[in-house]
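A.B. asks: Quick check, what structure comes out for this input:
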Amino acid sequence: MKFIESFSNIGRTAIITDLPKPWNSEIFQTPMVLTYAKGGTVPHLTFNSLQRLKNHKMLLLNTLPTVVEFKEAVETQGKGLGAFVGLPEFAFNLSIQDPATLTPSGYNVKKGVSVWTHGGKKLLNTDQFMSAVKAMKPIWYQALCDSDTPRDSSKKRLNKAVDHSLRFLDECLEEHKKCSELENTSIFGTIQGGYDLFLRKKSAQETALRPVDGFVIDGFHMNGPQAENLEFEEIKPILLDTINLLPADKPRILYGPLRPEFMIEAIKCGIDIFDSSYAFQLTEAGEALIYPLESLNNHFKSCSDNIKKSRKISKLCLLDEAFKMDLSSILSTCECYTCKHYTRAYIHHLLTTSELLAYILLMIHNLHHLLEFFNAIRIAMQKAE
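C.D. replies: All right, here's what the predicted structure looks like:
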């Protein structure tokens with residue numbers, strides 16, 4: 001994988017190339033969003049439903065807790081997770097935790113990391129983890145890490161998270177180097193330390209010394225609602241100091257169902273890659289993303305200048321009785337399949353009667369709009385170069 005960056009007045013853009021076959025001719029632009037998957041597939045969407053989004057180039061994010069139980073079956077088939085779930089066309093990244101689901105705290109130990117599968121807790125050491133990676137065949141993956149650092153974590157717990165993650169990373173790198181199947185697969189190291197600046201710097205400096213292909217900046221939240229409610233100003237000073245210690249020629253990822261205005265501020269600080277678990281969270285709540293993309297057209301800064309205003313008008317709750325007779329589309333300027341064919345009133349009806357179609361239509365819209373949001377950001381940043 002190659003990461004070729006360029007700078008604008010308000011952040012950096014880049015292209016990701018040289019991915020493993022059969023995606024070696026693909027080019028992905030950053031800032032970008034990975035399409036969140038659960039159990040190997042995009043929630044609520046079948047392969048045919050995904051074709052409604054065919055105008056968007058997608059790279060999936062599969063999460064270890066939702067796919068690790070498939071490991072033996074995937075290994076037996078021998079063609080990787082994509083072929084196993086019927087989506088061989090889509091390249092994917094593998095993360096350690098599920099950004100859309102709150103990760104229980106207190107279950108990581110020196111020998112391994114706990115992930116919470118459909119069948120309950122599963123403790124994985126590096127050998128078990130790397131065996132799963134080889135079976136799944138991602139184009140890149142996050143090395144095993146200890147991100148159990150809630151806001152109230154003790155100094156001792158933060159130290160353990162940093163030390164465990166560095167040791168797990170070294171073990172993963174050693175196995176990665178020996179494995180011919182992973183020759184063209186990229187590995188990302190994880191920066192830990194919670195809200196402790198000293199430990200963040202230690203983690204960043206040590207991880208940057210390793211031969212990793214990119215960085216995941218983790219441990220500011222425990223995923224799920226904690227990420228959605230996170231205020232950017234809480235992490236900004238630590239995030240900036242951390243990023244300044246990382247090499248500029250490698251991508252940086254920040255996982256979680258982060259709000260659009262939060263992602264904008266993170267991009268300005270130098271984050272390159274996010275995930276679409278926010279679109280999934282909105283869908284589950286019966287909400288539609290309506291972030292005003294026109295505020296990005298003229299100048300990227302206009303969004304952050306009106307951050308509070310944008311936040312208030314960024315989503316609609318279609319369960320609200322106010323939409324019962326509303327015959328307009330979710331968003332008049334949206335070109336997605338849902339907005340072209342269905343009304344707010346119909347989706348409100350589907351939600352109140354618990355019809356599965358409601359979540360299919362909402363997921364199509366929310367994912368489309370989030371992908372359009374990142375496209376608008378890239379255009380705005382290129383104009384500012």
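A.B. asks: Now do the SS call for Val68.
C.D. replies: Here Val68 is recorded as helix under DSSP: H, G, I helix; E, B strand; the rest coil.
A.B. asks: what's the neighbour count on Phe188?
C.D. replies: Phe188 is flanked by 24 other residues according to other Cβ atoms under 10 Å. For the C-beta atoms, the positions are set from N, CA and C on the backbone; glycine is no exception.
A.B. asks: Name all residues that make contact with the residue nearest to it when sequence neighbours are not counted.
C.D. replies: Residue nearest to Phe188 in three dimensions, not counting chain neighbours: Gly214, with 4.4 Å by Cβ to Cβ, 6 or more residues apart in numbering. Taking Cβ atoms under 8 Å, 6 or more residues apart in numbering, we find Gly214 in contact with 1, 3, 140, 186, 188-189, 250-253.
A.B. asks: Gly214 and Ile139: what is the separation?
C.D. replies: According to Cβ to Cβ, to the nearest Å, Gly214 stands 12 Å off from Ile139.
A.B. asks: Identify the contacts common to those two.
C.D. replies: Counting by Cβ under 8 Å, 6+ apart, the contacts common to Gly214 and Ile139 are 1, 186.
A.B. asks: other SSEs contacting the helix or strand hosting Leu316?
C.D. replies: Using DSSP states H and E, Leu316 sits in strand 315-317. For strand 315-317, the packing partners by 3 or more Cβ pairs under 8 Å, 6 or more residues apart in numbering; DSSP states H and E come out as strand 287-289.
A.B. asks: those helices in the stretch 101-250 of the chain, which residues are they?
C.D. replies: Using DSSP state H, counting those that start in this stretch, the helices of the stretch 101-250 of the chain run over 126-136, 155-178, 197-209, 225-228, 232-243.
A.B. asks: Select, out of these, the one closest to Gly219.
C.D. replies: For these, distance to Gly219 was read as Cβ to Cβ. The smallest value, 6.5 Å, belongs to helix 155-178.
A.B. asks: Surely Met222 touches Thr103?
C.D. replies: Yes - the criterion here is Cβ atoms under 8 Å, and Met222 meets it with Thr103 at 4.9 Å.
A.B. asks: Mind listing the shared neighbours of those two?
C.D. replies: Asp148.
A.B. asks: Go ahead and flag the most central residue of the chain.
C.D. replies: The residue lying closest to the centre of the chain (Cα atoms, centre = their mean) is Asp275, at 2.2 Å.
A.B. asks: who's in contact with the closest residue to Ala204 other than its chain neighbours?
C.D. replies: Among residues not flanking Ala204 along the chain, Leu245 sits closest, at 4.1 Å (Cβ to Cβ, 6+ apart). Counting by Cβ under 8 Å, 6+ apart, Leu245 makes contact with 201, 204-205, 208.
A.B. asks: So which of the residues you listed is surrounded by the most neighbours?
C.D. replies: Ala204 leads these on contacts (other Cβ under 10 Å) with 23 neighbours.
A.B. asks: number of nearby residues for Met325?
C.D. replies: The number of residues near Met325, taken as other Cβ under 10 Å, comes to 10.
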